[in-house]
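A.B. asks: Structure, please.
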Amino acid sequence: MVMTRITGLILALLAVLLTGCATGPDGFLKEPLPQEVTFWQPWLLNSVRAPYRKLYVEVDAVQGAEPSRAWLDEMARFLKTQCDKPDGVRVVASDRIPPAEAASASITSLALRYLDGPPAGSAFLYILYYNSALNPALKTSNPHAVVFPYPCAVFVDRNYNEAGFGDVLGGLILKHEAAHLVGAARNPGHGDGAHCRNRHCLMNPAFLYAPEMVALGMVPTPQTEFCPDCLADMARWRTTPAPANLRFDGPFLSRREQGYTVMTLPNTVHLHLGSTASLPVAQMREAVRQAAAGPLRSREGFILSVSSSGDPMTERFALQLAARDPAAPVRQAAKLYTTARLAPPPS
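C.D. replies: Numbers count the residues shown, from 1 in each chain. Okay, here's the model as predicted:
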């Protein structure tokens with residue numbers, strides 16, 4: 001673990017490899033989604049009209065791994081239908097990342113360096129297309145939506161079965177991943193809380209694929225639509241009020257609690273102690289970008305950091321509360337900060 005003071009922030013790059021949710025041979029979760037995913041319902045920011053009446057989707061891609069415009073348009077139509085955003089859904093093809101940079105960077109590092117965030121007043125989704133074949137340190141990865149700590153991001157590896165259904169079904173794959181972030185299949189009554197058990201539903205964890213149908217000019221999968229249960233899930237979320245303590249602060253997804261605020265980016269959790277009037281958004285964004293240019297370039301890991309509004313009494317109270325936060329990384333950040341503050345000064 002490396003502890004460095006950067007412009008008043010305690011920044012810790014944890015040597016913790018990330019693992020996905022454990023799944024069985026059928027692709028379904030062996031255990032329920034963890035509390036970090038379920039308790040705050042962040043997908044509602046993207047589903048309902050308040051507090052954000054519009055949705056902004058930023059799409060970054062490594063050169064040569066770009067999605068087709070048809071895929072993006074298909075996702076945009078889905079989001080316009082399934083999200084209550086009366087002021088519109090805007091999908092923007094943003095940065096094109098040089099392959100030479102992708103050849104030595106982790107996926108988290110690329111996302112943290114290039115993710116810009118939404119314009120003011122918009123909910124936000126972030127999508128990164130890359131090619132793991134460019135980096136010998138990366139394993140080929142199944143396209144996936146992030147469920148924690150930044151549940152508004154999708155990562156798509158174009159090297160994943162690129163010669164097969166990965167490209168043929170690219171638009172459907174993107175819709176599947178985006179649907180995770182607007183609440184599809186959250187009802188465990190017809191799945192595991194992340195995927196649907198209906199084999200013909202687009203939210204099933206496995207695609208039924210008949211490659212011979214491509215040569216005949218036919219759709220090679222029956223999974224082109226969401227089942228009635230998943231459609232009912234998304235319809236229910238469109239009428240469910242979003243938590244009042246969630247918002248976007250620049251690119252950060254922020255959760256305001258009594259005495260403290262939790263700010264997240266991909267694999268990044270920042271704990272701010274004290275008043276929200278002093279949230280270090282620009283300062284923290286720069287610190288994260290610096291961290292992404294360091295050891296994180298070659299491996300995945302959590303970045304934990306803490307800032308404080310400065311009042312000792314307020315800080316102690318906030319730390320006591322943050323130490324009981326439902327999310328384990330927040331509790332760990334509070335513990336790291338407390339330990340660092342109690343440590344004797346260097347001789």
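A.B. asks: quick one: secondary structure of residue 337?
C.D. replies: Put simply, residue 337 is helix when judged by DSSP: H, G, I helix; E, B strand; the rest coil.
A.B. asks: Helices of this structure, start to end?
C.D. replies: In the chain, the helices defined using DSSP state H lie at 35-38, 44-47, 69-82, 99-102, 107-114, 165-168, 170-180, 212-215, 228-238, 281-292, 312-322, 328-342.
A.B. asks: So which of the ones you listed is nearest residue 195?
C.D. replies: Closest approach to residue 195 among these is made by helix 170-180 (8.8 Å; CB to CB). Any C-beta I mention is one placed from the backbone N, CA and C, and that applies to glycine too.
A.B. asks: who does that closest one touch, helix- and strand-wise?
C.D. replies: When contacts are defined as 3 or more CB pairs under 8 Å, 6 or more residues apart in numbering; DSSP states H and E, helix 170-180 sits against helix 69-82, strand 123-130, strand 144-145, strand 153-157.
A.B. asks: hmm, 7 Å instead?
C.D. replies: On a contact count with 3 or more CB pairs under 7 Å, 6 or more residues apart in numbering; DSSP states H and E, helix 170-180 meets helix 69-82, strand 144-145.
A.B. asks: Can you add mean pLDDT, mean neighbour count and distance to residue 45 and give the ones you listed back as TSV?
C.D. replies: Formatted as TSV, the helices and strands packed on helix 170-180 follow (pLDDT from 0 to 100; neighbours: other CB atoms under 10 Å; distance: least, CB to CB, whole Å):
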stretch	mean pLDDT	mean neighbour count	distance to residue 45
helix 69-82	96	18	13
strand 144-145	92	18	15
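A.B. asks: still on that earlier bit, just name the most buried of the helices of the chain.
C.D. replies: Highest mean neighbour count of those: helix 44-47, a mean of 24 (counted as mean count of other CB atoms under 10 Å).
A.B. asks: Would you mind writing the CA trace of that one as PDB?
C.D. replies: Below are the C-alpha coordinates for helix 44-47, written out as PDB (Å, rounded to 0.1, in the frame of the first residue of the first chain):
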ATOM      1  CA  LEU A  44     -32.900   5.400 -10.600                       C
ATOM      2  CA  LEU A  45     -30.900   8.500 -11.600                       C
ATOM      3  CA  ASN A  46     -30.900   7.200 -15.100                       C
ATOM      4  CA  SER A  47     -34.500   5.900 -15.100                       C
END
